[in-house]
Every structure is written in structure tokens, then in C-alpha cells.
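Colleague: The following comprises the amino acid sequence and a computationally predicted model.
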Amino acid sequence: MSAVSIRNASKVFNLGKSNQVDALRNVSLDVKPGEFVSLIGPSGCGKSTLLRLIANLLEPTNGDVVVNDKPAAQARLDQDYGMAFQQAGLFEWRTVRKNIELPLELKGWDKNARALRANEMLQLVQLPEFGDHYPWQLSGGMQQRIAIARALAAHPPLLLMDEPFGALDEMTREYMQGELLRICAATRTTVVFVTHSIPEAVYLSNRVVVMSPRPGRITKVVDVSLGGERNEDTRNRTVFFEAITAVREGLRGMHAAHVGLGNDDR
Amino acid sequence: MNRVGNLLRTTVGSALPAIVFGTLFLGFWEWAVRFFELKPYFLTAPSAIWEQFTSNFTLIRGAATVSGTNALIGLLAGTVLGVAMSFVLSRFGFLNQLITPLAVALNAVPIFVLVAVLNNMYSITSEIPRRIMVALVVYFIVLVNVARGLTQVSPTHVELMRSYAASDVAILRKVRIPNAIPFLFVSLKIAAPAAVITAFVSEYFGGSQNGLGSRISSNIANSKNAAAWAYVLAACLLGLLFYLFSVVMESLNRKGEVK
């Protein structure tokens, strides 16, 4: 049983045309339930593409993607995952509460059940007093916490995140990392997390998947043996630095071979 | 209470420069006419215009009602049609490519040509050609803006909705339409004064001589300049009324929203 299982997945954009792009080639990856896995790599390594294959927002050209023991397309229809992006992507015409309720509306929940769940999620992300605010009244970090609350509102077993803290300042970013770990521990959610940042990947993950650019492949998987309990002291531990070095070497190894590639992320 | 007081103070505060400037301008105008003894056919004094405006108020109000009704009906019809068409265009991309060149071509035709053509299609006393003309002008303004609002949605929003396995109808209802509403109000702010202007101009090309536009031209033809100016004043007020209406509509929609 695995939360995500990818077998020999490839993705080619514009197949057969002059602008054909080999975004991913023969990628295989298994994510266990409750695991936190980060995808890291230089721009254009296809990590966002891989995340979108899991989300079934893109179809693989070859290979299989299984999510929650069903084909990715079925998992999307069943709302088996929640998703968060670099932009919080809150609907500016909806209050914070109505934003969190959106996936529940689409599932056909009734009004009372939605309101109860929205309150629960606001508690979870520790913003209970902001339910009736509009998104623009919140800071970037708060908006991103609401986006996470929305992604988890239907209690999906899997959370897919595409550089969700990429637009935040360093202090907010570290705070959000702690919050994310706390929330995922409380909800036992499996996470696949795309990032550019090596310390972020190491701090958050059980495993860091290092990818190489065009065609995107998995070149190295770094196990992070920091254990379950992580806090600010974690960032000073030797194991933390060792994992960072291991990821950096994984990235550097291929960087030497691929200097000067384009920086298109898809 | 305090909030009302604050509102009043800011309104008066922001209107004050305009009031001061307007009063000075009118004063200078009055003074110039008297001091240089300008003949009425050259430039009429504000006091004479005001005298005409008050003494002919019933007639002016009647003419303003005729033009205002034409503008209002045309505005409503054009808005409804424009919104309806923008939905069709945003749904079927190929139609967009068919209709847009046609719309541009139609917009390039001088307005009076169309009024003349429309006038020939209906009886001489009919107000319908003018209303069609207003509707046509409003239609394109609304169509272009609302279609943009329906299509230019945030890619993150669409991707998010697809991750929820939302149908096209759900994406339309929960993303595209809410996104297009501010665009509709912006288009109304442009279209409302344009509707009034179009209603006047349409009257210059035949039909009943009952609206503000035809009164202005007939009074000028009879060298009754002060009376003509009185009708111009009414035209300004009518245009202002339509503009204010669209601003109020927008601010009602904005409650709780950005800025």
C-alpha cells in the first residue's frame, strides 16, 4: 500500500512538433502513507510537472500514476488530495471562511457541515478570528495558511504543494515550515512538496528526491533521519547539515553537466 | 453618527476645489460677457442661460425625459445583450474569432450613417432607431469588457478548481462570473455617459423633434442661443445623473471589497 505510486512515468510536451520538450523520462517513485517527500531540483527539472501528474492536472505520456490505490484520474474525481500553490490563490471576492468552504461546496456538503468544518480548519491553522475577513486584509503568510486550510478542508489523505512558501520572506517561511509540520502531524496527511530550497526540503522531509533537468529524472533520493519531532533546534543538528550536504552534492553532481540550461519550470 | 459626519466632511472636502473653480469660472464668464459687451449670438451670459433654464423648465424637463428614456432603454438593452454575448464568446473561442472583426468593422462605421439607416427602417416618429443606436454603442463596450473578465481569470484559480474535479459550469459560476463582475461595472461607468451622448447625437438625424439634442439644434437654428445653452445644461445634468448612477452601482458592489 502506498499513498502515491509512479511507475516509469514520462511526459513529453508538444510531442512530434518542433518545440517538443522531454519534461520527464522514466520516473518511478513511491510515497508511503504519512510520509513527507520533497521534490528538489534546478528550474526546468520537471518537479512541478511530476506534481501535476500526481494531481492528474496533466496526463503522463507513458507510464502509470496511482494515487491512494486508484488511477490518478479517479483520485482527482474523488478529491483524494488537496493542493496548494506558490500563489495562495484565494478568491478575493470570498471571505476567508467561504474560501475554506469552497472544496466542500463542490462536494455538495450542506451549509451547517461546511461552517463546522471551516471553524475546525481555522482553529487548525490558528487563525480562528479571521473567518469573516477578506483575503486582502491578511498578510502573505496568513493567506498561505488559509490556502493550506482550504487544501485540507475535505480531510484528504494527501497534500500536494508547489513551492507554497516561495513568495514569503525567510522568517515567515521558517515559521510556516513549523506550522506545516504541526498541521500534517495533527491530520496524519501525506505530503509531496516541491521546493527550490535545500534547507526547507531537509527540514520538512522524510525523504528528499533530487531531480535533474531535461529530460527530468530522479538522480538521488536522500533519507533524512531527523526523526518525527522537529523544532528550531533541528536546524542546528549535525544530521541536518549532513542531509543538506547530501542533497547539495546530489544537485551539484548534475549541475556541472547541465550548466546553461533554460529556466522554464514546466 | 460620527461616520456620517466623516463621510460628509470628506465629500465636501473633495468637492470643494471643484465648487470653487466652477464658481470662479462662471463669475469670470459673466464678467467677460458684460465687460466686453459680447453679443448674445457670440456668447450668452450664465445669468441669461439660467433665466431660460428656469422659465422653460417644464419644456426642458420633458425633452430631458425623452432623451433620458431613450438612453436608459438603450443602456439596459445593450447591457443585457452585451453580457449575454460575452458568455457565448467566452464559451466558444471560434465564435470570438468570427465576431470580433465584425464588431470592429461595425464600430468603425460613423454613428450617423447607422442612425440614418435605422430611421428609414421605422416610422418617422419612432424612438426605436435611437434606442437601437444607444444599445449598439453600449453593447460593444459591455461585450468587450465582460468577455475579458470571463476569460482573464487567474490560472491558479482554474488549476485549483480542476484539482477539485469541478465541472465547467462550476468554474463558470464560482470563478469566471465573480471575476467578471468588476469588469461589468467598469464597462457601465464608460457606457452610461456614452449612452446619453449617443441618445443626443441620434436626434440630430431626423425623427421627432422632442429630445434635448433636437431642441439644441432647433434653438441654435433660430438664434436662440440662451435657450440652446439651457438645453445643453440639461444635457450635462442628464449625463452626470447617468454617470453617478453607475458609480453608485459600483460602490454598492464594492462593499467589503478591495481598496
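Modeller: Here it is on my side, so go on.

Colleague: For the residue most central in space within chain A, give the beta-bridge partners.
Modeller: The C-alpha lying nearest the average C-alpha coordinate of chain A belongs to A:Met161 (CA atoms, centre = their mean; 2.0 Å). For A:Met161, the beta-bridge partners are A:Ala84, A:Phe193 (DSSP bridges).

Colleague: can I assume it is in contact with A:Val194?
Modeller: Yes - assessed by CB atoms under 8 Å, A:Met161 is found in contact with A:Val194 at 6.6 Å. The way it works is simple: take the backbone N, C-alpha and C, and place the C-beta from them, glycine included.

Colleague: Provide the count of other residues in contact range of B:Leu150.
Modeller: For B:Leu150, the count of nearby residues is 22 (other CB atoms under 10 Å in any protein chain shown).

Colleague: got it, and A:Gln86?
Modeller: For A:Gln86, using other CB under 10 Å, the count is 17.

Colleague: That one and A:Ala149: what is the separation?
Modeller: According to CB to CB, to the nearest Å, A:Gln86 and A:Ala149 sit 17 Å apart.

Colleague: what does B:Gln152 give?
Modeller: To A:Ala149, B:Gln152 is 27 Å away according to CB to CB.

Colleague: Please say which of the two ends up with more neighbours.
Modeller: Neighbour count, other CB under 10 Å: between B:Gln152 and A:Ala149, A:Ala149 has more, with 26 against 12.

Colleague: contacting residues for that one?
Modeller: A:100, A:121-122, A:124-125, A:127 (CB atoms under 8 Å, 6 or more residues apart in numbering or on different chains).

Colleague: Quick check: mean pLDDT of stretch A:91-99?
Modeller: Mean per-residue pLDDT for stretch A:91-99: 93.

Colleague: Check whether that stretch comes near chain B.
Modeller: Yes - Stretch A:91-99 lies within reach of chain B by CB under 8 Å from any CB of the partner chain, at A:91-94.

Colleague: Which single one of these is nearest to chain B?
Modeller: A:Trp93 (4.6 Å; CB to the nearest CB).

Colleague: surely that closest one meets B:Ala180?
Modeller: No - here A:Trp93 does not reach B:Ala180: they are 10.8 Å apart, not a contact under CB under 8 Å.

Colleague: quick one, which of the two is more surrounded?
Modeller: Shown here are A:Trp93 and B:Ala180; by other CB under 10 Å, B:Ala180 has more neighbours (24 against 20).

Colleague: Can you point out the buried residues in the host helix or strand of B:Trp31?
Modeller: Here B:Trp31 sits within helix B:2-35, counting by DSSP states H and E. Residues of helix B:2-35 classed as buried by neighbour count (16 or more other CB atoms under 10 Å in any protein chain shown): B:29, B:33.

Colleague: who does that helix touch, helix- and strand-wise?
Modeller: helix B:46-55 (3 or more CB pairs under 8 Å, 6 or more residues apart in numbering or on different chains; DSSP states H and E).

Colleague: since we're on the nearest residue to A:Gly82 once chain neighbours are set aside, how many residues are nearby?
Modeller: Spatial nearest neighbour of A:Gly82, chain neighbours left out: A:Ala151 (3.1 Å); criterion: CB to CB, 6 or more residues apart in numbering or on different chains. Counted by other CB under 10 Å, the residues lying close to A:Ala151 total 26.

Colleague: What are the phi and psi values at A:Ala151?
Modeller: The phi/psi pair for A:Ala151 (degrees, to the nearest 10) reads phi -60, psi -30.

Colleague: so it makes contact with A:Ala88?
Modeller: No - taking CB under 8 Å as the definition, A:Ala151 is not a contact partner of A:Ala88, at 10.4 Å.

Colleague: any idea how far the residue of the stretch 101-250 of chain B found nearest chain A lies from B:Arg162?
Modeller: Closest residue of the stretch 101-250 of chain B to chain A, CB to the nearest CB: B:Thr156 (3.7 Å). Separation of B:Thr156 from B:Arg162 (CB to CB): 11 Å.

Colleague: can you give me the strands for chain A?
Modeller: A:4-13, A:21-31, A:36-40, A:62-67, A:70-71, A:81-84, A:158-162, A:190-195, A:207-212, A:217-223 (DSSP state E).

Colleague: Quick check: which of these is nearest to B:Glu30?
Modeller: Closest to B:Glu30 of the strands of chain A, according to CB to CB: strand A:81-84, at 66.5 Å.

Colleague: what pLDDT, on average, does the closest one get?
Modeller: Per-residue scores along strand A:81-84 average to 92.

Colleague: Please name every helix or strand in contact with that strand.
Modeller: Using 3+ CB pairs under 8 Å, 6+ apart, strand A:81-84 sits against helix A:140-152, strand A:158-162, helix B:155-163.

Colleague: Mind putting these into JSON lines with mean pLDDT and distance to B:Val144?
Modeller: Listed next are the helices and strands packed on strand A:81-84 as JSON lines, based on pLDDT from 0 to 100; distance: least, CB to CB, whole Å:
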{"stretch": "helix A:140-152", "mean pLDDT": "90", "distance to B:Val144": "32"}
{"stretch": "strand A:158-162", "mean pLDDT": "93", "distance to B:Val144": "34"}
{"stretch": "helix B:155-163", "mean pLDDT": "92", "distance to B:Val144": "22"}
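
Colleague: Determine which of these approaches B:Ile99 most closely.
Modeller: Closest of the helices and strands packed on strand A:81-84 to B:Ile99 is helix B:155-163, at 23.6 Å (criterion: CB to CB).

Colleague: Return the set of buried residues in stretch B:168-180.
Modeller: Buried residues in stretch B:168-180 (16+ other CB under 10 Å): B:171-172, B:174-180.

Colleague: ok, which of these also contact chain A?
Modeller: Contacts with chain A within the buried residues of stretch B:168-180, counted by CB under 8 Å from any CB: B:174-175, B:178-179.

Colleague: Let's see which of the residues you listed end up in helices.
Modeller: B:178-179 (DSSP state H).

Colleague: Looking at the ones next to chain A among the buried residues of stretch B:168-180, which one is closest to A:Glu174?
Modeller: For those, the nearest to A:Glu174 is B:Val175 (32.8 Å; CB to CB).

Colleague: Count the neighbours of B:Leu59 for me.
Modeller: Neighbours around B:Leu59, by other CB under 10 Å: 14.

Colleague: which helices and strands sit right next to the helix or strand harbouring it?
Modeller: Here B:Leu59 sits within helix B:57-91, counting by DSSP H and E. Under the contact definition 3+ CB pairs under 8 Å, 6+ apart, helix B:57-91 sits against helix B:93-108, helix B:128-151, helix B:177-202, helix B:212-221, helix B:225-254.
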